[in-house]
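Engineer: Sequence plus the predicted model coming up.
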Amino acid sequence: MSVTCGQIAHVMKGKHPAESKKYGTKPIDSSIVSEPAVAYGDVPDAMTMRGIGIMGMQGKKDFAAIQSDNDMINIIRAGIPKQAMTHLMDVADLSLSEMAAIVHTSDRTLRRYTANQKLSQEQSERMIEMARLYSRGEEVFGSMDKFKLWMDSMILALGNKKPKEYLDTSMGINMLMNELGRIEHGIFA
């Protein structure tokens, strides 16, 4: 089913003025998009915002001002602090050596980073992707503990591999997100 803008305008113009008074809003002029960010998807989704919490960055200077996906991209480009990675490691129950493999560096290098030292753009992006994945997993499974158990289990749909084994690539994380969508819709893996 497809809907044209004309059909939307026809429905919107039909809104009764009494409804506007009832809810304290103005009648809608359907020819004007009043929230362009929403129309173009330029608002960070709930999963991204929960992911910021999973990294322990809620309320932190750079993260508190996130208003759009563009803001998140700027944070990735600037690099997120190592403390975000450390917090994510704690939440996800990942060892330093596991995280080093995920971000393609040595555990010795990660140990040398100070808490406020910025990760590279690639490492930062991987942390954001992982935080979003763990946020989504917690949402689908109902608890972080259940999701972590799934991440450590051999999954037939993943070739009898543990989901954790796919965290080292963006495509692997995307596969896990898709798998979570199937699980959410009752197609168990």
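Structural biologist: Received it, and whenever you're ready, just let me know what you need.

Engineer: For G186, grab the count of nearby residues.
Structural biologist: Residues within reach of G186, counting by other Cβ atoms under 10 Å, total 6. Every residue, glycine included, has its C-beta placed from N, CA and C.

Engineer: how near is it to A100?
Structural biologist: 37 Å (Cβ to Cβ, to the nearest Å).

Engineer: Tell me where the model's unsure across this structure.
Structural biologist: The chain contains residues with pLDDT under 70 at 1-44, 188-189.

Engineer: By residue count, which helix of it is the longest?
Structural biologist: Secondary structure of the chain read by DSSP state H shows that its longest helix is helix 121-141.

Engineer: Give me the contact list for it.
Structural biologist: 47-48, 50-55, 72, 75-80, 84-85, 88, 91-92, 102-105, 118-119, 144, 147, 150-151, 167, 170, 173, 176-177, 180, 183-184 (Cβ atoms under 8 Å, 6 or more residues apart in numbering).

Engineer: For the nearest residue to A92 once chain neighbours are set aside, give its distance to K162.
Structural biologist: In space, and not counting its chain neighbours, A92 is closest to Y134: 5.8 Å by Cβ to Cβ, 6 or more residues apart in numbering. From Y134 over to K162 the distance is 15 Å, taken as Cβ to Cβ.
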